[in-house]
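Asks: Sequence below, structure please.
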Amino acid sequence: MTINRYGQVAIFLACAAGLQLAAAAAGKGFLLTQLTMSAYYTLVVVGMSLLMGYAGQISLGHAGFFAVGGYTSAVLTTLDLAPHRGSPLVAGAERLGLLLVRPDLYGGDLLVVRPVVACALAIALALVLAVLVGIPVLKLKGHYLAMATLGVGTIVYSVALGTQWLGAADGIAAVPPFPLPFGASVSGRPDGRIVNYYVAVGLLGAAMLLALNLVQARVGRALRAIHGAEDAAGAMGVDTARLKLGTFVLSAALAAVAGVFLTHFNGGIGPAEASVMRSVKYMAIVAVGGIGSLWGSLGMSVALTFLSLRGYFGVYDDVVFGAILVGIMLFAPQGLLALEPRRALAALRARLRRAGGQAG
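Replies: Below is the predicted model:
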């Protein structure tokens with residue numbers, strides 16, 4: 001029996017609820033913190049799965065879009081605009097209710113942008129950046145495209161690391177909670193663990209529903225055609241440039257949303273979120289979950305990110321993800337879930353024989 005996309009998302013949400021209940025029954029509610037963070041990071045992976053698995057585009061710069069979202073929201077919700085109240089822009093924004101007054105750490109008052117407005121501006125900035133980057137970069141293919149996106153990610157990382165008003169190496173701290181209806185908020189407070197868990201899972205479920213609707217529609221068929229043979233798809237009338245750019249922008253938007261919410265959840269953000277190794281981790285997770293497998297990427301992302309956040313890989317965290325990427329590309333290019341042990345062992349023996357023959 002085939003389960004439609006709505007049923008698949010419903011099963012995912014039910015499994016997430018069961019996981020929370022199991023953690024509560026076992027007295028390990030603290031695990032929800034890492035699971036919540038894993039869900040936000042998985043938002044980035046879902047976008048990259050669309051980009052790599054369906055549009056056939058490689059990106060090593062998506063950590064940059066995550067950082068753009070997080071840093072923009074952090075700056076706007078912590079920068080005190082009170083000294084600039086006399087300027088027309090600040091005065092107009094205050095009259096429109098876009099700003100609010102909140103206490104600082106020392107008992108004073110800060111005039112800052114409302115978190116909801118900051119979130120919208122952060123996503124808008126990421127979208128603009130994705131369009132500006134995507135138009136020239138997506139004309140490239142293969143390793144040229146990978147190197148170009150790597151350069152974009154490196155620029156974002158360098159700006160975050162070297163700019164004093166972005167906190168430089170220390171990043172930005174004291175980011176306020178993101179308010180939600182009924183008095184709830186996105187924050188790291190222990191009493192809000194369950195609410196925050198379901199907010200993250202809900203966002204992830206909505207992203208998966210959006211992605212599934214996309215890939216099962218006419219657009220998804222066009223993207224698969226581009227992935228299979230871009231020139232042939234273009235000859236058949238598919239607007240390859242527009243579809244590749246649209247997928248790239250959508251994946252950047254998901255990364256920015258994840259950056260905004262995780263920044264408010266953690267109460268801060270640092271330049272490590274924009275590092276090249278972070279983008280490599282996202283790519284490794286998509287590869288191990290299966291190129292073109294949204295659910296495979298989601299499952300592997302939650303599992304591997306959770307283990308990483310719990311410290312199971314220790315100081316070898318980057319080594320593990322790098323090794324995973326190399327191993328998957330060599331022995332299971334369709335993903336770990338599609339791994340055939342016999343074929344993988346045969347490939348390993350063939351490589352060892354070739355290496356032995358060259359050494360001799």
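
Asks: Against which helices or strands is the longest helix along the chain packed?
Replies: What stands out as the longest helix in the chain, according to DSSP state H, is helix 240-266. For helix 240-266, the packing partners by 3 or more CB pairs under 8 Å, 6 or more residues apart in numbering; DSSP states H and E come out as helix 31-53, helix 62-78, helix 115-137, strand 178-179, strand 185-186, helix 193-215, helix 218-228, helix 230-235. Backbone N, C-alpha and C define where each C-beta goes, glycine included.

Asks: what's the angle between it and helix 115-137?
Replies: 150 degrees (axes from the mean of the first three to the mean of the last three CA atoms, to 10 degrees).

Asks: is it fair to say residue 101 lies in a strand?
Replies: Yes - counting by DSSP: H, G, I helix; E, B strand; the rest coil, residue 101 is found in a strand.

Asks: From residue 81, how far off is it?
Replies: Between residue 101 and residue 81 the computed distance is 10 Å (CB to CB, to the nearest Å).

Asks: ok, now residue 49?
Replies: On the measure of CB to CB, residue 49 and residue 81 end up 39 Å apart.

Asks: Between those two, which is the more surrounded one?
Replies: In terms of neighbours (other CB atoms under 10 Å), residue 49 is the more surrounded of residue 49 and residue 81; the figures are 30 against 17.

Asks: how far is stretch 35-46 from where the chain is centred?
Replies: Here the centre of stretch 35-46 is set off from its chain's centre by 6 Å, with CA atoms, centre = their mean, to the nearest Å.

Asks: ok, residues contacting that stretch?
Replies: For stretch 35-46, contacts defined as CB atoms under 8 Å, 6 or more residues apart in numbering pick out 19, 23, 62-63, 66, 193, 196-197, 199-201, 203-204, 207-208, 211, 254-255, 257-258, 261-262, 265-266, 282, 285-286, 289, 294, 297-298, 301-302, 305-306, 309.

Asks: what mean pLDDT would you report for it?
Replies: Taken as a whole, stretch 35-46 has an average pLDDT of 96.

Asks: which residues touch residue 304?
Replies: Residue 304 touches 285, 288, 321, 324, counting by CB under 8 Å, 6+ apart.

Asks: Of the residues you listed, which is the most crowded?
Replies: residue 285 (30 neighbours).

Asks: What sits closest to that one if chain neighbours are left out?
Replies: Closest residue to residue 285 apart from its sequence neighbours, by CB to CB, 6 or more residues apart in numbering: residue 301 at 4.7 Å.

Asks: Now do the helix or strand that contains the one you found against helix 193-215: the angle between them, please.
Replies: Element membership of residue 301, judged by DSSP states H and E, is helix 294-309. Interaxial angle, helix 294-309 versus helix 193-215 (the same axes, to 10 degrees): 150 degrees.

Asks: then helix 294-309 to CSV, C-alphas only?
Replies: Taking Å, rounded to 0.1, in the frame of the first residue of the first chain, the C-alpha atoms of helix 294-309 are listed here in CSV:
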residue,chain,number,x,y,z
LEU,A,294,14.1,13.3,1.2
TRP,A,295,13.1,11.0,4.0
GLY,A,296,16.5,9.3,3.9
SER,A,297,18.2,12.6,4.3
LEU,A,298,15.9,13.6,7.1
GLY,A,299,16.4,10.4,9.0
MET,A,300,20.2,10.4,8.7
SER,A,301,20.3,14.1,9.5
VAL,A,302,18.4,13.8,12.8
ALA,A,303,20.4,10.7,13.8
LEU,A,304,23.9,11.9,12.9
THR,A,305,23.4,15.5,14.1
PHE,A,306,22.0,14.2,17.4
LEU,A,307,25.0,11.9,17.9
SER,A,308,27.3,14.8,17.1
LEU,A,309,25.6,17.3,19.4
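
Asks: can you give me how far that helix is from the chain middle?
Replies: Distance, centroid of helix 294-309 to centroid of chain: 12 Å (CA atoms, centre = their mean).

Asks: Buried ones in that helix, by neighbour count?
Replies: Using 16 or more other CB atoms under 10 Å as the test for burial, helix 294-309 gives 294-302, 304-306, 308-309.

Asks: centre of the chain versus the helix or strand just after it, how much separation?
Replies: Heading C-terminal from helix 294-309, the first helix or strand you meet, by DSSP H and E, is helix 317-331. Put simply, helix 317-331 sits 19 Å off its chain's centre (CA atoms, centre = their mean).

Asks: Averaged pLDDT, helix 317-331. What do you get?
Replies: 82.

Asks: I'd like to know which elements it is packed against.
Replies: helix 276-289, helix 294-309, helix 341-359.

Asks: What lies in contact with the first one?
Replies: When contacts are taken as CB under 8 Å, 6+ apart, the neighbours of helix 276-289 outside the stretch itself are 41, 44-45, 48-49, 52-53, 58-64, 66, 150, 153-154, 157, 272, 296-301, 304-305, 308, 318, 321-322, 324-325, 328-329, 333, 335-337.
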